[in-house]
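Enquirer: I would like the atomic coordinates for the input below:
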Amino acid sequence: MDVKAWSEKGKMFSVLGKEVFVIDEGSSENTLVILHGYGTSTIDYHKILPELTKHYRVVLQDLVGFGFSDKPNKQYFSILDQTDVILELWKILELENITLVSHNLGAAIALELMARNKTQLLDINFKEFVFLNSTVSFNHEIEDEEHDNVSPLQDFSRKMQLMFSSFAYYKIKVKDFFFDSNHFSEEDMKARWILMDHKDGREIIDFLANYGTECRLLWNRWFTALDKNILPCKIIIGKNDIIYSEIEAGHFANHIRDCKLHNIENCGHYPMLEKPNELINLILN
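Expert: All right, here's what the predicted structure looks like:
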């Protein structure tokens, strides 16, 4: 996907002192909001956006620190900060009947939104939560057993730090996250790199250590929200993800009522790029 063409699909919103890039397409009364993952941006969803807009009003935003949005220097923009910005943006856009799709870092933000929704202080009409390949650890005992005391997040962090060093190295290592890297085109690869580097993004992007600490501190809060959740949930994972295992996904699903777990065969960490049709069907079905 061409970066300039993608930028022309959206516009910037001023939200709590940050400039946030937003794409808002479709005319349905039902809204599908997509929260992207770490080291990526809304452009990862260019393959699934056209079909989804036939069924939903689809809202995508570049999280603060990513894509075209502001990239604060010398500041860890926390999950709590991201959630504040998202909620304020939703007020501006007057979103209704929200199905929330989240991937990776976005899944942590979705859990915080779920927790805040349980306080009944938010006036948000959530319809469903859809979690894609997440890097949030849902069981630290399993994490230790399966990863030899190295968490999925730590492993992910090491790989991402190396990848950000140069585009030449990025081109080689990013393929590890796909079952079949032929589904990640050279154009898509360049677009993701350009948007990571935009506004000196590569200089500020390595905050995974802070993110991991925050996830552990907030886990009890999120676990309580999951335990009390009554909304439909789906967990969708690429079965060949090198970061997030089937065991962790299964454990996560067991803690959520009315939750469906779906595996996509022959797919890695980015189903929206590698298996877009399968992902669309699972979101819509």
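Enquirer: could you give the mean pLDDT of the lengthiest helix in the chain?
Expert: Longest helix in the chain, counting residues (DSSP state H): helix 208-228. Computed over helix 208-228, the mean pLDDT rounds to 83.
Enquirer: Note down every partner strand of the helix or strand following that helix and its orientation.
Expert: Downstream of helix 208-228, the next assigned helix or strand under DSSP states H and E is strand 233-238. Sheet pairing for strand 233-238, assigned by DSSP bridges, gives strand 126-132 (parallel), strand 259-264 (parallel).
Enquirer: Out of the ones you listed, which is closest to Tyr270?
Expert: Shortest distance between Tyr270 and the strands paired with strand 233-238, using Cβ to Cβ, is found for strand 126-132: 8.8 Å. For glycine as for every other residue, the C-beta is placed from the backbone atoms N, C-alpha and C.
Enquirer: Now the closest one: buried residues?
Expert: When neighbours are counted by 16 or more other Cβ atoms under 10 Å, the buried residues of strand 126-132 are found to be Phe126, Glu128, Phe129, Val130, Phe131, Leu132.
Enquirer: which residues sit in contact with the residue lying closest to Leu122 once chain neighbours are set aside?
Expert: With Cβ to Cβ, 6 or more residues apart in numbering as the criterion, Leu122 has its nearest non-adjacent residue at 5.5 Å, and that residue is Arg116. Counting by Cβ atoms under 8 Å, 6 or more residues apart in numbering, Arg116 touches Thr83, Leu87, Leu122.
Enquirer: So which of those residues is surrounded by the most neighbours?
Expert: Neighbour counts for the contacts of Arg116, by other Cβ atoms under 10 Å, peak at Thr83, which reaches 19 neighbours.
Enquirer: list the helices and strands the helix or strand hosting that residue packs on?
Expert: According to DSSP H and E, Thr83 maps onto helix 79-93. Secondary-structure packing of helix 79-93 (3 or more Cβ pairs under 8 Å, 6 or more residues apart in numbering; DSSP states H and E): strand 11-15, strand 18-25, strand 57-61, helix 105-118, helix 208-228.
Enquirer: Out of those, flag the one nearest Phe252.
Expert: That would be helix 208-228 among those, by Cβ to Cβ, at 8.2 Å.
Enquirer: and the closest one with strand 259-264, angle?
Expert: 130 degrees (axes from the mean of the first three to the mean of the last three Cα atoms, to 10 degrees).
Enquirer: Show me what helix 208-228 is packed against.
Expert: Looks like helix 208-228 contacts helix 79-93, helix 105-118, helix 152-163 (3+ Cβ pairs under 8 Å, 6+ apart).
Enquirer: Just the buried residues of that helix, please?
Expert: Going by neighbour count (16+ other Cβ under 10 Å), the buried part of helix 208-228 is Leu208, Tyr211, Gly212, Glu214, Cys215, Leu218, Trp219, Trp222, Ala225, Leu226.
Enquirer: what's the angle from that helix to helix 79-93?
Expert: If you take the same axes, to 10 degrees, helix 208-228 sits at 70 degrees to helix 79-93.
Enquirer: Just the CA trace of helix 208-228, in CSV.
Expert: The C-alpha trace of helix 208-228 is given here as CSV (Å, rounded to 0.1, in the frame of the first residue of the first chain):
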residue,chain,number,x,y,z
LEU,A,208,8.7,-2.5,25.5
ALA,A,209,10.4,-2.8,28.9
ASN,A,210,8.0,-0.2,30.3
TYR,A,211,5.1,-1.8,28.5
GLY,A,212,5.9,-5.2,30.1
THR,A,213,6.1,-3.7,33.6
GLU,A,214,2.8,-1.9,33.1
CYS,A,215,1.1,-5.1,31.9
ARG,A,216,2.2,-6.9,35.1
LEU,A,217,1.0,-4.0,37.3
LEU,A,218,-2.4,-3.8,35.6
TRP,A,219,-2.9,-7.6,35.3
ASN,A,220,-5.1,-8.0,38.4
ARG,A,221,-7.3,-5.2,37.2
TRP,A,222,-7.7,-6.7,33.8
PHE,A,223,-8.2,-10.2,35.1
THR,A,224,-11.1,-9.0,37.2
ALA,A,225,-12.6,-7.4,34.2
LEU,A,226,-12.2,-10.6,32.2
ASP,A,227,-13.7,-12.6,34.9
LYS,A,228,-16.8,-10.4,35.1
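Enquirer: Could you check how far that helix is from the centre of its chain?
Expert: Computed by Cα atoms, centre = their mean, to the nearest Å, the chain-centroid distance of helix 208-228 equals 16 Å.
Enquirer: try stretch 221-230
Expert: 19 Å.
Enquirer: can you pull up the bridge partners for the spatially closest residue to Gly250 that is not a sequence neighbour?
Expert: Once flanking residues are discounted, Gly250 sits nearest to Leu261: 6.5 Å by Cβ to Cβ, 6+ apart. Beta-bridge partners of Leu261, counted by DSSP bridges, are Ile235.
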